[in-house]
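S.K.: Structural data only, the sequence is not supplied:
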């Protein structure tokens, strides 16, 4: 997963390195059309992949505004053979909150990197070679020392919190169709017996299917990512509601 | 093939499911840049892939404006080990007209789907797992009962018809370069001894090669998809001719 | 590598042919988002892939404004099992200058092409089948006769030349972030003990890391492609400097 753009030569160079160091290992493109340097969007897409992963697998997530700075690169070890490489910039933090990792390491073993490491393209020179070697069987302890979770960067989005009459969430991703995805996970939404959603001064009905709304009408539902999502039937919620990443969403519960 | 956009996380999630259920099976991206929800364009791209398919193969076509509604999902069985999964919305109809399938089934066996099936993303929750299981050897009769061809959705485009002085076709796809692809198949064009093409009030010469037209001049030829196509040399036919999907094209034959 | 656009059905059809003729051979997308028909940009991306290639491999480069004309198609043989297919339009010329090929052949053996060869899509009908057969073990001498290097098309960009006070280079590629990549290779830049870069009337500092410039400030550095690159921190150099492909860049050396 990167924010390099689909069909980008930067993605292409990473794939050359992956194939060179882990010949024949399947390489899947999780997403490359992410909004550049947007950590919230990237964290959501990564987290949502969680329940669909082929096992075992190595996730390689390069949305990295701090490339070339002193930020750490992390290797997180989860159960079921899931490994995730990502910069220490909060990209993995929402996942850690939902499912604590077995261990997190700082990637420091330069013997695993490309021979020359540029200051501008760690995706190709650090992430790809380390991911490939892990896919080819390298043991995680070889990449570097374990680091404590509490020293790592915080989540790119605030936690869902209790608010008057319900829950306060926020928009963390806008897809290419203008659907607005929030940080409120389906299971928590269900527990809350939510009834309606407020976005700005708009009151938006919570439905099960697109078909329950009329054309051009806003609706809220559990979307493709498994999170509360605001959409407009046959249209763009982002455009109709004039709202984007970061906007507050108030979910009103039936009890209130 | 989807209309989710290149590099989209929706395509990415489908690929996770495919790899999880059919490990190591090659997954080819036929197209993801299709105009959203445009069935004519998608049907053309699907049909044009026909003669280049690696055999055997499973086509998985998700352009599905009716997702979550009661529309059927079809599995078409063709000769030479070609299977095609698509919504019953006309996507396969032009193919059926050119090459009748051995059999068409309704995909109804929920045991083959993802454990949870969202109402908004059947590509990931139904199409991908069924495609993967078929690629891994599942017998087609396991997906659901055969259904009669005549009950299925009609083609997204009208048939080419006889018209005064020739044949009436229409534009069904516009590629990213502005080339306008029609529904008139090369073999039928050749049989018709076509001479010129009329689009609106423009008379456009029928040529064999781009090089036979001057720069910025419109021309008609058999294009990359194997259909009559209107192009502008070193330019965009869609922009120069101010025409798009749905426009009528009159092909004048020599005999008239 | 093509300029067909990411997610394009033209790339998709090439992949069908590759898989049909070289089943299971890994196919890597080097780049598809190249500016249409821009030979300089394509040559730069191709050349930059050089040091990261999985070996052995077949490069298949289709940026081909002359498709259907009498231009040759070339197969270049390099050391370490690297083969490269490209039109004879200068795409490989900068590579030849840096690393002379063992041999260059004209691809003429029609028995290796698709049964029908369209005049508009040699990527699918000539490049893909020949690339697939080479990947599957076809010996290079089977594709056609050797041709002399000196008869081939020249580079799409001028050589870097000595200029008053330094070296004169030019912009050959603009990436999607607006970074401007020049034709000046890192090793030559280092040898020149360069100090500053002039682009139009702007004087731009040469740095090692993005972090050495302030936000919105232009900077010059060795970029991801291994060439001198002009960037704007947290911004687009193309937009800020109002410069694009073809612009002259003067590199001032310390000795001057």
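M.R.: Cool, got the structure. Here the structure is a predicted model, which is why all the values come from computation and not from measurement.

S.K.: Residue A:9 and residue C:31 touch, don't they?
M.R.: Yes. Residue A:9 is within contact range of residue C:31, at 3.9 Å (criterion: C-beta atoms under 8 Å). Heads up, the C-betas are built off the backbone N, CA and C, glycines and all.

S.K.: Now the common contact residues for these two.
M.R.: residue C:45 (C-beta atoms under 8 Å, 6 or more residues apart in numbering or on different chains).

S.K.: And the two? Which one has more around it.
M.R.: residue A:9 (28 against 24; other C-beta atoms under 10 Å in any protein chain shown).

S.K.: for that one, what are its contacts?
M.R.: C:30-31, C:33-34, C:45, C:48-49, C:175, C:225.

S.K.: mind checking how far the residue nearest to residue A:138 when sequence neighbours are not counted is from chain C?
M.R.: Closest residue to residue A:138 apart from its sequence neighbours, by C-beta to C-beta, 6 or more residues apart in numbering or on different chains: residue A:112 at 7.4 Å. Shown here: residue A:112 relative to chain C, a distance of 16 Å by C-beta to the nearest C-beta, to the nearest Å.

S.K.: What count of nearby residues applies to residue A:112?
M.R.: Neighbours of residue A:112 using other C-beta under 10 Å come to 18.

S.K.: just checking, residue A:89 touches residue A:62?
M.R.: No. Using C-beta under 8 Å, residue A:89 makes no contact with residue A:62, being 10.8 Å away.

S.K.: and residue A:42, helix, strand or coil?
M.R.: Three-state call for residue A:42 (DSSP: H, G, I helix; E, B strand; the rest coil): helix.

S.K.: What about residue A:242, how many residues nearby?
M.R.: Count around residue A:242 with other C-beta under 10 Å applied: 10.

S.K.: Keep only those of the contacts of residue A:9 that are in helices.
M.R.: C:45, C:48-49 (DSSP state H).

S.K.: So which of these is the closest to chain A?
M.R.: Proximity of the ones in helices among the contacts of residue A:9 to chain A (C-beta to the nearest C-beta) peaks at residue C:45, which lies at 4.6 Å.

S.K.: Contact partners for that closest one?
M.R.: The contact partners of residue C:45, taken as C-beta under 8 Å, 6+ apart, are A:9, A:12, C:1, C:30-31, C:34, C:173, C:225.

S.K.: what are the ranges of the helices in the stretch 101-250 of chain A?
M.R.: Assigned by DSSP state H, counting those that start in this stretch, the stretch 101-250 of chain A shows helices spanning A:122, A:128-135, A:186-191, A:237-241.

S.K.: Any idea which of those helices gets closest to chain B?
M.R.: helix A:186-191 (9.3 Å).

S.K.: Once you drop chain neighbours, what's closest to the closest residue to chain C within the stretch 1-150 of chain A?
M.R.: Nearest residue of the stretch 1-150 of chain A to chain C, counting by C-beta to the nearest C-beta: residue A:7, 2.8 Å away. Sequence neighbours aside, residue C:6 is the residue nearest to residue A:7 in space, at 2.8 Å (criterion: C-beta to C-beta, 6+ apart).

S.K.: What pLDDT is listed against the one you found?
M.R.: pLDDT recorded at residue C:6 is 97.

S.K.: so it touches residue B:11, yeah?
M.R.: No. Contact criterion C-beta under 8 Å: residue C:6 and residue B:11 do not qualify, at 10.9 Å.

S.K.: So for stretch A:94-114, what gets flagged as buried?
M.R.: Using 16 or more other C-beta atoms under 10 Å in any protein chain shown as the test for burial, stretch A:94-114 gives A:94-96, A:101, A:104-107, A:109, A:112-114.

S.K.: Pretty sure the residue of the stretch 1-150 of chain A closest to chain C sits in a strand.
M.R.: No. Residue A:7: not assigned to a strand; according to three-state DSSP it is coil.

S.K.: What is the neighbour count of it?
M.R.: Residue A:7: 28 neighbours (other C-beta under 10 Å).

S.K.: who's in contact with residue A:53?
M.R.: Contacts of residue A:53 (C-beta under 8 Å, 6+ apart): A:59, A:82, B:16, B:20.

S.K.: if I pick the third one, what's in contact with it?
M.R.: With contact taken as C-beta under 8 Å, 6+ apart, residue B:16 is in contact with A:28, A:30, A:49, A:52-54.

S.K.: okay if I get those as a markdown table plus distance to residue C:24 and pLDDT?
M.R.: Output for the contacts of residue B:16, formatted as a markdown table (distance: C-beta to C-beta, whole Å; pLDDT from 0 to 100):
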| residue | distance to residue C:24 | pLDDT |
| --- | --- | --- |
| A:28 | 16 | 98 |
| A:30 | 23 | 98 |
| A:49 | 26 | 97 |
| A:52 | 24 | 97 |
| A:53 | 23 | 98 |
| A:54 | 18 | 98 |
